[in-house]
Structure formats: structure tokens, C-alpha cells
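Q: got a predicted model here, sequence first, then my questions.
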Amino acid sequence: MSGAGEPVQKEGGMDHFMNAVAEGTCASCFKRTQCWDAKFIQTYKYMTDVMSTIEGNPEISGKQIPVDWNRVCAKPEEVLEVMRAQYGLHQHNMQWKRQIIDSRQLVAEQLSGVSQVMEDLAKEIQRESEEMVQQEEQIRDALESLGLSIHSIEIINLEAGNVEIEIVHAYTRGFDECRKMIAPLISDVLDEHIAVLHETMTDPRQGLATVTFGSAKTFEVTTGVAAAAKGGDVMSGDSFSTVELGNGTFAVALSDGMGNGERARMESSAALNILEQLLQSGMDEKLAIKSVNSVLMLRSPEEMYATVDMALIDEYTAETTFMKIGSTPSFIKRGQEVIQVSASNLPIGIIKDIEVDLVTVQLQPGDILIMMTDGIYDAPGYAVNKELWMKRLIQEIDTDDPQELADCLLESVIRYQQHEILDDMTVVVGK
């Protein structure tokens, strides 16, 4: 406990403290009647002063009791001990009350986010149900006009960039109508590049095949990861993830837990897992980050935080949204040019109301995205311009393979530190 505890007077708790002292210490005191009847106002002021002193210094001892207290009270040390014990209970109760309030607020925010997701989904279903019938008829007429035998058409999703259509048709072996005729025709109807996702034989005797068509992704992301734990240990406090979030979004993420070892790894891993699940559910990015922040703050009364560095890459447009929460800068290697991406946000789990600034960058074909934890970025120390040092290091690596680049960058940093691993190091590269 510290002097920055919850003020007792503001919580209306003075009566409780008075009763505790009166019942615990004053009940057996020979001056009880004199203090609580004849000199009530003076005694009340004395108790208030004691409480204020304890709030300012919870560790106050009997030797530090002012001389004036001894003149007023016959048992100042006993009163002090009772008041200190009650103050400790008060602070503990207030901590739980704050956690309950924070929990309620977190649930309210999450329900608000879920409500928005459900509302958007309901509107989308209503809109699509009206469009799907019309589009099915349009596609069927167009295919039959080409002389193709269509058994059934089912439109599962018409969302731009996430189209999914299932067609059962009579196929002709060797002609590949799906890729040469049906996919281009659907592309013209929907004004979007459509490709065959997979094809299965439904009824070989009747010559029927079920083909699933979907949006053709313009970009494909390949990744590479290299990591080392502090001092060469097995367990690192860093966590990373590369995952498809759905709707044509690919996520590359890093998290650095406070400290090192298993506990730091648990915090960083939890932060990434919760964040990914919220984003996959369709929750807004900023609300998802705030929810993770609240969860980390509620998990433990002790100080515990984690950085989050996530890049959300649109596989259709290559537009990338960076969520950098207390993380080090990321870098984009474009030919011989190296571009820095940074944002000023506190790590999650430190303060209750976190502000999140998102950074949006338009990537280009062939761009290489490099994300790292502070063990890599801070390797040169404070005497060196870290940004220029890292840019030069990246420029000197002559490869565009993500895994080779990650390995070379980690090796270069460890060699710079004379093969000492002073902190957990992780680098994730995406192309």
C-alpha cells in the first residue's frame, strides 16, 4: 500500500473507523466516558487526524506518534494499530469495488461491440437476401445462354472481396468450363475477379459436379520468423502470430510481455489470442484493443502490461492498418528504400482509458514488412540513432525471402552485441 490510497472521508467511512476503535480499544479504557461523552468533538477530531496521518503514511509506527496524541489519548499506540488494520481492510475493499466497476464497464463495452456486429449482420442479411435472388437468376440466365446445364445455384456471400457462390452443374470432361467460362462470366456479372476455390464430384453417374467460386485475392502474404530468448533461455516473453482473420484480411502480430520468461509469455500470448478472436468476430479495431486492455488490467492487481504490434493487411488492395500499442517502429523495405512506421501509444494493461491511434499505409507489390520487439530495435543502446542503424542494417541484407531476412537480421543483431542476448528478441517478416 502507498499513500495514494482511497481517501476514507470521501467514501463516508469515518463512522465505521470510529466504531471499530470504540469497540476494540476504547471499550476497556478508563477514560472512555470522558472522551466519548464529555469531549466528543475533541475525540472525533483526534480520530480524524489519526486517519489522515495513516492515509499519508500507512507504515507509521508508534514511535512516530505526535506528542499531542499522548496528551489526549491514554492508548495512542493501540488506537493506531486498530486504525491501520481497518485502513488496510478499507483499501482492499475499495480495490475489489474498482475491479467490479471496471468489469461492468468492460462487459458493457463488449456488449456494445457485439450489438454493433449483430446490427451490421442483420442489415447485411436483409440486403443480401434481396440481392441474392436477383443475382442467382441473372447468373443462371447468363450461364444457360452459353449452353451450360446448371442444376442449382446457391449464393452464400456477396460481400465485396468475400464472395462465395456454389454451383452444381453438368460437366464435360476435359473442357474445364468452370475456369474458362463460368468464373469469367460471374466476374462480369459481379464486377469482381472471381476464381474457382474448389471442385468436387457430386454424382459421377449423372455427371454432376459441385464447384465453389469465390473472390480471387490480389495479393498473397508469405512470412518468416526468427526469435531468441534472453540469455539463451528456452522460454521467451515475446509472442507472435500470422493468421487469416477472414474477409480477406491477413494479420501479422507481435506482443512483448513485461519482463522475461513464462509469465511474460503468458501475458503476451493472452493479449494476442484475445485480440485475434475479437477481430475475427468483426469487432472494431479500437474497441477490440480497449477490451484487451481492460482484460489485462482485471487479471491481476499487480502491474502487468504487454505491447501489441499488429498489421492488418487487406489481401485485395494491400492497404495495411497498423495497430502499434507501446511497440517499437516497424519498417517497410521497398527496393533499397526503407520506410519507418511508428505510433505513440502506451502498452496495454497500464491505464484504464487507453487511446489508440491507427496508422494506415498503402503497400505495393514486392514490399517487405519487418516487425520486431524492443530486444532487436534497442540493441545498439542509447548512444546510437536506432532508426538510422536499423534502416542501414535492413538495407545491407541482400535477400527478399522473408525467412532468410528474419534469420539474417537476428544474427546481425546478436553479432553486434558480441553474441550476448540481453533481452528477448523476435522479428517477423512478411512479403
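A: Received the coordinates, thanks. Numbers count the residues shown, from 1 in each chain.
Q: please enumerate the helices of this protein.
A: Assigned helices in the chain, in chain order: 14-24, 32-33, 40-56, 67-72, 76-145, 177, 183-190, 261-280, 285-299, 374-377, 386-396, 402-416 (criterion: DSSP state H).
Q: can you list contacts of the shortest one?
A: Residues from elsewhere that reach helix 177 (C-beta atoms under 8 Å, 6 or more residues apart in numbering): 148, 169, 171. Heads up, the C-betas are built off the backbone N, CA and C, glycines and all.
Q: okay, these in a markdown table with pLDDT, neighbour count and distance to Glu154 next?
A: Output for those, formatted as a markdown table (pLDDT from 0 to 100; neighbours: other C-beta atoms under 10 Å; distance: C-beta to C-beta, whole Å):
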| residue | pLDDT | neighbour count | distance to Glu154 |
| --- | --- | --- | --- |
| Leu148 | 79 | 19 | 16 |
| His169 | 83 | 21 | 12 |
| Tyr171 | 70 | 20 | 17 |
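Q: so which of the helices of the chain is the most surrounded?
A: Scoring the helices of the chain by mean neighbour count under mean count of other C-beta atoms under 10 Å gives helix 374-377 as the most buried, with a mean of 23.
Q: got the contact list for Lys97?
A: Neighbouring residues of Lys97 by C-beta under 8 Å, 6+ apart: there are none.
Q: take the helices of the chain and write them to JSON lines, including distance to Lys333 and mean pLDDT.
A: Output for the helices of the chain, formatted as JSON lines (distance: least, C-beta to C-beta, whole Å; pLDDT from 0 to 100):
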{"stretch": "helix 14-24", "distance to Lys333": "64", "mean pLDDT": "69"}
{"stretch": "helix 32-33", "distance to Lys333": "80", "mean pLDDT": "77"}
{"stretch": "helix 40-56", "distance to Lys333": "56", "mean pLDDT": "77"}
{"stretch": "helix 67-72", "distance to Lys333": "70", "mean pLDDT": "70"}
{"stretch": "helix 76-145", "distance to Lys333": "35", "mean pLDDT": "71"}
{"stretch": "helix 177", "distance to Lys333": "43", "mean pLDDT": "77"}
{"stretch": "helix 183-190", "distance to Lys333": "33", "mean pLDDT": "83"}
{"stretch": "helix 261-280", "distance to Lys333": "24", "mean pLDDT": "78"}
{"stretch": "helix 285-299", "distance to Lys333": "25", "mean pLDDT": "72"}
{"stretch": "helix 374-377", "distance to Lys333": "15", "mean pLDDT": "89"}
{"stretch": "helix 386-396", "distance to Lys333": "6", "mean pLDDT": "91"}
{"stretch": "helix 402-416", "distance to Lys333": "8", "mean pLDDT": "92"}
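Q: to Glu220, which of these lies closest?
A: For the helices of the chain, proximity to Glu220 was assessed by C-beta to C-beta; helix 402-416 is nearest, at 12.0 Å.
Q: outside of the closest one itself, list whatever touches it.
A: Defining contact as C-beta under 8 Å, 6+ apart, one finds that helix 402-416 is touched by 222-228, 368, 370, 372, 376, 379-380, 393-394, 396-397, 399, 420-421, 425, 427-431.
Q: now do the contacts for the residue nearest to Met425 when sequence neighbours are not counted.
A: Distances taken as C-beta to C-beta, 6 or more residues apart in numbering put Gly375 closest to Met425, at 3.7 Å, once the chain neighbours are dropped. Counting by C-beta under 8 Å, 6+ apart, Gly375 makes contact with 228, 230, 238, 256, 421-426.
Q: can you check Ala379 too?
A: Applying C-beta under 8 Å, 6+ apart, we find Ala379 in contact with 413, 416-417, 422, 425.
Q: which one of the residues you listed is nearest to Val308?
A: Nearest to Val308 out of these is Met425 (C-beta to C-beta; 17.4 Å).
Q: any idea what the closest one is bridged to?
A: For Met425, the beta-bridge partners under DSSP bridges are Ala228.
Q: distance check, the residue nearest to Met425 against Ser145.
A: From Gly375 across to Ser145, the span is 62 Å (C-beta to C-beta, to the nearest Å).
Q: what's the burial count for Pro204?
A: Neighbours of Pro204 under the rule other C-beta atoms under 10 Å: 9.
Q: do the same with the one 4 residues further on
A: By the criterion of other C-beta under 10 Å, Leu208 has 16 neighbours.
Q: and what of Ser28?
A: Neighbour tally, Ser28, other C-beta under 10 Å: 9.
Q: can you pull the pLDDT of it?
A: Looking at Ser28, its pLDDT reads 76.
Q: return the subset of the contacts of helix 177 lying in strands.
A: Residues of those located in strands (DSSP state E): His169.
Q: just put the contacts of helix 177 in TSV and tack on distance to Thr210.
A: Converted to TSV, the contacts of helix 177 look like this (distance: C-beta to C-beta, whole Å):
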residue	distance to Thr210
Leu148	15
His169	9
Tyr171	10
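Q: re the thing from before, show me which of the contacts of helix 402-416 are buried.
A: Neighbour-count burial (16 or more other C-beta atoms under 10 Å) is assigned, among the contacts of helix 402-416, to 223-228, 368, 370, 372, 376, 379-380, 393-394, 397, 421, 425, 427-431.
Q: got any ranges where the stretch 201-350 of the chain has weak pLDDT?
A: 247, 282, 296-304, 348-350 (pLDDT under 70).
Q: show me the strands in it, by range?
A: 208-215, 223-228, 238-246, 249-257, 306-314, 319-325, 330-334, 337-341 (DSSP state E, counting those that start in this stretch).
Q: can I get those strands in CSV with distance to Leu409?
A: Below are those laid out as CSV (distance: least, C-beta to C-beta, whole Å):
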stretch, distance to Leu409
strand 208-215, 34
strand 223-228, 7
strand 238-246, 14
strand 249-257, 14
strand 306-314, 15
strand 319-325, 19
strand 330-334, 10
strand 337-341, 12
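Q: roughly how far apart are Pro365 and Ala406?
A: The gap separating Pro365 from Ala406 is 20 Å, by C-beta to C-beta.
Q: how is the protein partitioned into domains?
A: Using automatic domain parsing, the domain parsing of the chain gives 9-95, 146-215, 223-430.
Q: can you lay out the ones you listed as CSV showing distance to Met132?
A: As requested, the domains of the chain are exported to CSV (distance: least, C-beta to C-beta, whole Å):
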stretch, distance to Met132
domain 9-95, 54
domain 146-215, 4
domain 223-430, 18
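Q: which of these sits closest to Glu137?
A: Evaluated over the domains of the chain, closeness to Glu137 peaks at domain 146-215, with 8.8 Å, by C-beta to C-beta.
Q: how long is that closest one from one end to the other?
A: 22 Å (C-alpha to C-alpha, to the nearest Å).
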